[in-house]
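[1] Here is a sequence together with a model predicted from it:
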Amino acid sequence: MIIHQFYDKGLAQASYAVVRDNKVIVIDPSRNPQPYYDFAQLHEADIVGVIETHPHADFVSSHLEIHQTTGATIYCSKLVGAGYPHETFDDEDIIHLADIQLKAINTPGHSPDSICILLVNEDGYETALFTGDTLFVGDVGRPDLREDAGNITAKKEELAARLYHSLRDKLMQLPPHITVYPAHGPGSLCGKTTSPDLYSTLSRELKENYALQIADRDEFIKVIIADQPFVPHYFGFDVDLNKKGAPTLGPSIEAINIIEANEIEAGTLIIDTRKKEAFRQGHLNGAINLQDAGKFETWLGSIVEPYESFYLLADSEVALNTVIEKAAKIGYEANIKAGVIINGAELQSSDFELGHFKSNPDKYTVIDVRNRNEVSHGKIFADALTIPLPELRKRLHEIPTGKPIVVHCAAGYRSAAAVSIIANKINSVPVYDLSDAITQFA
């Protein structure tokens, strides 16, 4: 038997392949199915099943495409109300993969339709647990993502209570030697304190996971709900898309036209993915600078609404293809009006005098675009106006225009995007990016 983990660092998302007797079952696959096909071919095996632990909010799954390509059976809880061909997989249900078994355990909490998968090996021993978004290394799944998404909705307090019982009455009763394979790692917005480790044991989690130490139900609910990260705009959209099954990736990407910059239609959002230095040297009027970096997908889906069309700009064909594929991870490829390869446009930036700001901070309006949980640990500038980046486009009217504006985040990525958003609407005063100089103040 082989258990292989696939890990997408950009979305902090883990998926798995279980191999036995030249047959493969894939668990929680990401949008691009090719790595699973390549893996199966390498092991001279056939993909016979795909298991979805729940309708994912933070990425688009390729379960339907894998089914259409390979004929593999899709398994999910009956509670999902899935709109794709599937077999239900709930408590007491077993998938036989040669002489090993995959058993369903209903574990509502992160979502009403969450399941975990217990693996029983060829010798009859319970050896592994695929926990989806129920249990992470050092954390548990957040319970506040299904209040308005999916066919079953529930208040976060109710889901937190159900998560408490799923953990205590089910998972914590399993043999402690079991290896825990979660669907997410560090940086995922599906939890708040996820460990850098990508797998664990139940024994370790029983000793070290803060959530499993809370015996009192009401205290558990209170702690789990508190201080959760922001919810990107695209999360509810992806739940619904995964519930019905996403379109095939290749044709969806191939349908995107590549045009010249002078063909861009006025009034449509422009996302410029070049580095901030290139953007400052020259960019198209109205463009938002969302640099291609480690969390590009998350920030794209946090700034752009699921219903918005946008142009996607890059400085080469390779770079453009990369950001298109990243947009597709969250189901946004259909929103791309066209792709554009660009090297610069009119100059629209001015130099920031850091020394003057340090000596005269009162002569500037400071905007802090960090997330609320970051700001809760203390402001860097006492008089700063806090507007988290995902909220900025809707709260521009709150920004005073009597002084030059200085924007900061924690390291410089979000502030670059924020400056471009603000400067598109406010041109009566300069808008400056404190960028990585923020480290001199933090």
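    Good, I have the coordinates.

[2] CA atoms for contacts and neighbours, from now on please.
    Noted.

[3] which residues in the stretch 1-150 of the chain form strands?
    2-8, 13-20, 23-27, 46-51, 73-76, 87-88, 94-97, 100-106, 115-120, 126-132, 135-136, 139-140 (DSSP state E, counting those that start in this stretch).

[4] Can you tell me which of the ones you listed is packed in deepest?
    When the strands of the stretch 1-150 of the chain are scored by mean count of other C-alpha atoms under 10 Å, the highest mean neighbour count falls to strand 135-136 (a mean of 30).

[5] If you count contacts, what does that one end up packed against?
    strand 179-182 (3 or more C-alpha pairs under 8 Å, 6 or more residues apart in numbering; DSSP states H and E).

[6] So for the strand it packs on, mean pLDDT?
    Average pLDDT, strand 179-182: 98.

[7] Just the residues contacting the helix or strand following it, thanks.
    With elements assigned by DSSP states H and E, the helix or strand that comes after strand 179-182 is strand 200-201. Under the criterion C-alpha atoms under 8 Å, 6 or more residues apart in numbering, residues V137, P176, H177, I178, T179, V180, Y181 lie in contact with strand 200-201.

[8] Go through these and name the one nearest G191.
    V137 (10.1 Å; C-alpha to C-alpha).

[9] State the distance from the closest residue in space to the closest one that isn't next to it in sequence to A12.
    Nearest residue to V137, sequence neighbours excluded (C-alpha to C-alpha, 6 or more residues apart in numbering): S195, at 5.4 Å. S195 sits 11 Å away from A12, going by C-alpha to C-alpha, to the nearest Å.

[10] ok, now K170?
    26 Å.

[11] More neighbours: these two, which one.
    A12 (19 against 13; other C-alpha atoms under 10 Å).

[12] Need the pLDDT of the more buried one.
    pLDDT, A12: 95.

[13] quick one: contacts of stretch 301-318?
    231-234, 237, 264, 268-274, 320, 323-324, 330, 332, 335-343, 389-391, 393.

[14] Touching stretch 23-38 from outside, list them.
    13-19, 40, 45-53, 59-63, 65-66, 97-98, 132, 183, 249, 328-329.

[15] According to the record, where do the domains of this protein fall?
    Using automatic domain parsing, the domain parsing of the chain gives 2-238, 249-341, 354-440.

[16] Can you give me the end-to-end span of the last one?
    Okay, so that is domain 354-440. 11 Å.

[17] what stretches of the protein score poorly on pLDDT?
    149-153, 344-351 (pLDDT under 70).

[18] okay if I get the contacts of strand 200-201 as TSV plus neighbour count?
    Output for these, formatted as TSV (neighbours: other C-alpha atoms under 10 Å):
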residue	neighbour count
V137	26
P176	16
H177	14
I178	19
T179	20
V180	25
Y181	27
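
[19] now, which of the residues you listed sits nearest E398?
    With C-alpha to C-alpha as the yardstick, the closest approach to E398 among these comes from V137, at 39.6 Å.

[20] Now do the contacts for the closest one.
    So V137 contacts V180, P182, G185, T194, S195, P196, D197, L198, Y199, S200, E205, N209 (C-alpha under 8 Å, 6+ apart).

[21] Can you tell me how far it is from E205?
    For V137 relative to E205 (C-alpha to C-alpha), the value is 7 Å.

[22] Next: S376.
    In terms of C-alpha to C-alpha, S376 sits 27 Å off from E205.

[23] the more surrounded of these two?
    In terms of neighbours (other C-alpha under 10 Å), E205 is the more surrounded of S376 and E205; the figures are 21 against 9.

[24] tell me the contacts of that one?
    V137, G138, L212.

[25] Next, format those residues as CSV and append distance to Q291.
    Shown next, in CSV, are these (distance: C-alpha to C-alpha, whole Å):
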residue, distance to Q291
V137, 30
G138, 30
L212, 38
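
[26] coming back round to it: run a quick neighbour tally on the residue nearest to V137.
    Neighbours of S195 (other C-alpha under 10 Å): 17.

[27] Phi and psi next, for it.
    phi -70, psi 160 (degrees, to the nearest 10).

[28] what ranges do the helices span in the stretch 201-350 of the chain?
    For the stretch 201-350 of the chain, applying DSSP state H, counting those that start in this stretch gives helices covering 202-208, 217-225, 235-244, 249-254, 276-281, 296-303, 317-329.

[29] Show me how far the first one is from its chain's centre.
    The offset between the C-alpha centroid of helix 202-208 and the centroid of the whole chain comes to 26 Å, using C-alpha atoms, centre = their mean, to the nearest Å.

[30] now swap in the last one and tell me
    From the chain centre to the centre of helix 317-329 is a distance of 16 Å (C-alpha atoms, centre = their mean).
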